[in-house]
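In: sharing a model that was predicted from the sequence below.
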Amino acid sequence: MEKTRKLGQTDMTITAIGYGCMGQTHSYGVVEAEKDMISLMRYAHEVGYTFFDTAPIYGEANERYLGKAVAPFRKEVVIATKFGIVDESFFTGNEDALNSSRDSIRQQVDASLKRLGTDYIDLYYQHRIDPKTEPEEVAQTMAELIKAGKIRAWGVSFAPEEYIRRAHSVCKISAIENMYSFVARQDEGTYFPLCEELGITYVSACPLAKGYLSNRYAAGTKYREGDWRADMNLFQKEGIDHNRALMDLITEFAERKQATPAQIALAWEITKKPYLVPIPGTTKRDRVKENFEAVTVELTESEMSEIEEALSHMDIVGMSRG
C-alpha cells in the first residue's frame, strides 16, 4: 500500500491518511483540554501523520491547539484550514454566515495565521461557497494569497462541479474536501472523474461516518448534549438494523485481514483511488495509531471487487440527521 499522496499538482507530499481535528472542539458536545490535544497531535506525528485538517468554525481553539502542537516540527507537516463560514449560525441554516469577499478572506486568513502561530498555510479551503461571490473572484483572491506567501495551495469543500471548473481555470485547485465513506458514496460518479481530469486530491471527511464504521456504537447509546450523533439516522436502531449487511461485510473483512472494522473502512478508501485521502478524527491515542495503521492493510484487486459487488446490492442508510 502506498503510504503517501501527492497533494494535487503541488510539490507537497502528504500521508495517505490524515488527521481531522474537528472533533476536539466541535460536534461531539465537548471541548477537549488544550494540553491533552497538543499531546495527542504530537503523538500522531510520531506515529507518522503529516497532514492535519482544521477550521476556525470548529471553534477558534481548534486552530490554536494545532498550531501549538506542530510548532516544533512545523516544516514537516501540511496544515489545512478553511475560510468562508464566518458565523456558527451557518449550521442552523443562516446563509448570511457565509462570506468569501476579497476583504473578508484577507481578514480571515490573517486571523487563522495568528491562531496557528505560523506565517503560511499549506492548504486553504473555501469551507462553503458564498452565493454572493463568483468563483473567479475567490480564485483570484487565492492567487494573490499564494503570491504573497500566505498560502501554498487552495481547495474547496462541498462546491458544485461547475463552480470548481470555473475557479480552477483562474487558480488551480489542489484539493476538494467532501464527505465520503461506505455510507456516503454519492461523489463516485461526479467528483472522482473530475479529480482525475483536473489532477485534484479528494480529501475524505468523515471516512468513519463519525465513528459508526468502527462498529463500536450500539443502538441506545447515550450521547452528550450537543453530540450530533444523537440526531443522526445512522445511529438509531432503525439505521443500525438497516445497515446490518454492510457492517457484517466490514466485520468479515476485518476478521479475514486481522484488522479492525475502522481499518477496513480506511484501507478500502486509500486502495480505491490513488488521490483519495481520508482524514479520520479521534481524541484517543489508541485510535490515532489504529487509524494510521490502516495503511498496512492490503486489500487485493479481487477483494476490492468482492466488496464493490456486495455494496451494489445494498440499500444503505447514510449520514443524514433526523
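Out: Great, that's in hand. Numbering: from 1, shown residues only.

In: only alpha carbons, please: show the helix or strand of the chain with the lowest mean pLDDT as PDB.
Out: Lowest by mean pLDDT, DSSP states H and E among the helices and strands of the chain is helix 237-242, with a mean of 79. What follows is helix 237-242 as a C-alpha-only set of coordinates in PDB (Å, rounded to 0.1, in the frame of the first residue of the first chain):
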ATOM      1  CA  LYS A 237     -31.900   1.400  16.000                       C
ATOM      2  CA  GLU A 238     -33.700   1.500  12.600                       C
ATOM      3  CA  GLY A 239     -30.500   2.700  10.800                       C
ATOM      4  CA  ILE A 240     -28.300   0.100  12.600                       C
ATOM      5  CA  ASP A 241     -30.700  -2.700  11.700                       C
ATOM      6  CA  HIS A 242     -31.000  -1.400   8.100                       C
END
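
In: buried stuff in it?
Out: Within helix 237-242, the residues scored as buried using 16 or more other CB atoms under 10 Å are 239-240, 242. Every C-beta, even on glycine, is put in place using the N, C-alpha and C of the backbone.

In: ok, stretch 78-88 next?
Out: 78-86.

In: how about stretch 138-146?
Out: In stretch 138-146, the ones that count as buried by 16+ other CB under 10 Å are 138-139, 141-142, 145-146.

In: and stretch 269-280, by the same measure?
Out: 269-273, 275-280.

In: cool, and stretch 298-309?
Out: Result for stretch 298-309 [16+ other CB under 10 Å]: buried residues 299, 303, 307.

In: strands of this structure, start to end?
Out: 4-6, 13-15, 19-20, 51-53, 78-83, 121-126, 151-157, 175-179, 201-205, 276-278 (DSSP state E).

In: mind listing what the second one pairs with, with the direction of each?
Out: Based on DSSP bridges, the strands next to strand 13-15 in the sheet, each with its direction, are strand 4-6 (antiparallel).

In: and for the longest one?
Out: Partner strands for strand 151-157, per DSSP bridges, with pairing direction: strand 121-126 (parallel), strand 175-179 (parallel).

In: so of these, which one's packed in deepest?
Out: strand 121-126 (a mean of 26; mean count of other CB atoms under 10 Å).

In: what sits up against stretch 162-174?
Out: 7-10, 123, 129, 134-136, 138-140, 142-143, 146, 153-156, 159, 176, 194, 198, 200-201 (CB atoms under 8 Å, 6 or more residues apart in numbering).

In: next step: those residues restricted to helices.
Out: 135-136, 138-140, 142-143, 146, 194, 198 (DSSP state H).

In: any weak-confidence spans in the stretch 151-300 of the chain?
Out: 217-231 (pLDDT under 70).

In: sorry, back to before: using CSV, lay out the buried residues of helix 237-242 together with distance to residue 216.
Out: Formatted as CSV, the buried residues of helix 237-242 follow (distance: CB to CB, whole Å):
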residue, distance to residue 216
239, 15
240, 12
242, 18
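
In: how much space separates residue 264 from residue 297?
Out: 7 Å (CB to CB, to the nearest Å).

In: coming back round to it: which one among the buried residues of stretch 78-88 gets closest to residue 247?
Out: Residue 247 has its nearest neighbour among the buried residues of stretch 78-88 in residue 80, at 30.3 Å by CB to CB.

In: quick check: closest non-adjacent residue to that closest one.
Out: Using CB to CB, 6 or more residues apart in numbering and skipping the chain neighbours, the partner closest in space to residue 80 is residue 123 (4.0 Å).

In: just residue 295 next, same as before
Out: residue 3 (4.8 Å).

In: circling back: what is in contact with residue 264 and residue 297 at once?
Out: With CB under 8 Å, 6+ apart as the test, residue 264 and residue 297 both reach residue 257.

In: off-centre distance for stretch 42-55?
Out: 13 Å (CA atoms, centre = their mean, to the nearest Å).

In: whoops, stretch 158-165 was the one
Out: 17 Å.

In: can you check stretch 248-259 too?
Out: The answer for stretch 248-259 is 24 Å, by CA atoms, centre = their mean.

In: got a list of contacts for that stretch?
Out: 182, 213, 215, 260-261, 263-265, 267, 294, 297-299, 303, 307, 310-311.

In: quick check, central residue of this structure?
Out: Residue closest to the mean C-alpha point of the chain, counted by CA atoms, centre = their mean, is residue 205 at 2.9 Å.

In: residue 210 against residue 233, yeah?
Out: No: between residue 210 and residue 233 there is no contact under CB atoms under 8 Å: 11.9 Å.

In: tell me which of those two has more neighbours.
Out: residue 210 (24 against 16; other CB atoms under 10 Å).

In: so how far is residue 20 from the more buried one?
Out: 11 Å.

In: go on, residue 89?
Out: Applying CB to CB to residue 89 and residue 20 gives a distance of 23 Å.

In: relative to residue 253, how far out is residue 284?
Out: 23 Å.

In: how about residue 137, nearest residue that isn't a chain neighbour?
Out: residue 102 (6.8 Å).
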